[in-house]
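Asks: the sequence isn't on hand, but the structure is:
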């Protein structure tokens, strides 16, 4: 995390021909609809069966028309259809052809849907620690579902990267694991970035996924937007030589935010002189981008435990808007830390469970023995009978309604609290 990775690293031209290829479309009544293509590395000329002997087996296909054995050809076939096509992935390893250690680019709307045990794997090592294996860019909307990206056995700078104005996508039931580049504590599992604040921001939503064993950062939003829901992010212990971050949010504009809900973030441990302490969530502004580069982050229904810092805001100065409610924050060295800067009234960390009924350890809360709070955020009232449910919802208000048995807080009840802060609804 010492330097922000290049937003648009050097990439080779795609070997496929995304334009000028028109596959057959499937008729639906009197309309033409996007088609489904099949990718199974075990097939070859003359084969007609996808994923033979495994769940999802499909017969009656034609090799070279709707059945392919490599990602290049499957994407080329999908590029000419109306709307975003679906490429079904077979069980087992699916090589990502990142030749020369450069990013393999996808620049068209498409869904890659795995078969549960479908595993995307690099072909060669990344050329450097800021280079991605899979790059989604040029405004494409690419959805990934029911698959694994596994970097084990390779040097990987960035596993999956979404970048460029208007690029978007979703990750649903996706596992990203073992992302490391030569042990240098810089690798990122999922990197979501926008070049600057002059265009449409990149947005990626992550749902019901698992990210683990990354060299530095699980998910990195750089001038980008998204929601992380129902996801487990597990870091490592760097001791006094390395730092790890579950989610990093570096400043967006006021047009959107990053929301984290119903997720568990744990195991991000370590300190390193000159770097922010390891944290479950690290929130920073980017002063060089402009006055609108102040991040807005909402966290609710989550569990942050076993990190050096649960949530670390503004460690190098600057400002942010942070709203944290109905979270379990315990077992961290520090639960929340905004001592490096930020406007206290914009750091709303009330209605959380800090591990004990007495609330967080902080000079403004005499007798508090829970996870420490550093700085002067708004942390009262706090939940006195926790833990609260770890669950996702569209908004804080929806979470409150869905979990009607929530314990009330000290000082005044949650209804009064939320009414007094309608901006969080």
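Replies: Perfect, I can see it now. This is a predicted model, so every value here is computed, not measured.
Asks: shaky segments in the stretch 51-200 of the chain?
Replies: Residues of the stretch 51-200 of the chain meeting the criterion pLDDT under 70: 80-83.
Asks: where exactly do the strands run in it?
Replies: Along the stretch 51-200 of the chain, the stretches classed as strands by DSSP state E, counting those that start in this stretch are 67-68, 85-89, 92-96, 104-106, 110-113, 118-122, 132-136, 141-150, 158-163, 168-179, 188-193.
Asks: quick one, what contacts the nearest residue to residue 338 once chain neighbours are set aside?
Replies: Excluding the flanking residues, the one nearest residue 338 by CB to CB, 6 or more residues apart in numbering is residue 375, at 3.6 Å. C-betas here are computed from N, CA, C, even on glycine. The contact partners of residue 375, taken as CB atoms under 8 Å, 6 or more residues apart in numbering, are 313, 336-340, 342, 344, 347.
Asks: buried ones among those residues?
Replies: Among these, the ones that count as buried by 16 or more other CB atoms under 10 Å are 313, 336-340, 342, 347.
Asks: burial count for residue 367?
Replies: Using other CB atoms under 10 Å, residue 367 has 8 other residues around it.
Asks: quick check, it in contact with residue 356.
Replies: No. Judged on CB atoms under 8 Å, residue 367 makes no contact with residue 356 at a distance of 10.0 Å.
Asks: what mean pLDDT does stretch 342-353 have?
Replies: When pLDDT is averaged along stretch 342-353, the result is 90.
Asks: name the nearest residue to residue 357, ignoring sequence neighbours.
Replies: residue 384 (4.5 Å).
Asks: quick check: the one you found vs residue 365, distance?
Replies: Taking CB to CB, to the nearest Å as the measure, residue 384 falls 12 Å from residue 365.
Asks: who touches both of the two?
Replies: In contact with both residue 384 and residue 365: residue 359, using CB under 8 Å, 6+ apart.
Asks: and for residue 127, the neighbour number?
Replies: 16.
Asks: list the contacts of it.
Replies: 100-102, 157.
Asks: how about the helices in the stretch 251-400 of the chain?
Replies: Counting by DSSP state H, counting those that start in this stretch, the stretch 251-400 of the chain has helices at residues 396-402.
Asks: which residues of it fall in strands?
Replies: With DSSP E, counting those that start in this stretch as the criterion, the stretch 251-400 of the chain has strands spanning 258-261, 264-266, 279-284, 296-300, 303-305, 309-313, 321-325, 328-329, 334-337, 347-348, 373-374.
Asks: hmm, back to that, let's have the strands of the stretch 51-200 of the chain in a markdown table, adding mean neighbour count.
Replies: Listed next are the strands of the stretch 51-200 of the chain as a markdown table, based on neighbours: other CB atoms under 10 Å:
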| stretch | mean neighbour count |
| --- | --- |
| strand 67-68 | 24 |
| strand 85-89 | 22 |
| strand 92-96 | 18 |
| strand 104-106 | 24 |
| strand 110-113 | 23 |
| strand 118-122 | 21 |
| strand 132-136 | 27 |
| strand 141-150 | 21 |
| strand 158-163 | 29 |
| strand 168-179 | 22 |
| strand 188-193 | 28 |
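Asks: among these, which is nearest residue 301?
Replies: strand 168-179 (18.2 Å; CB to CB).
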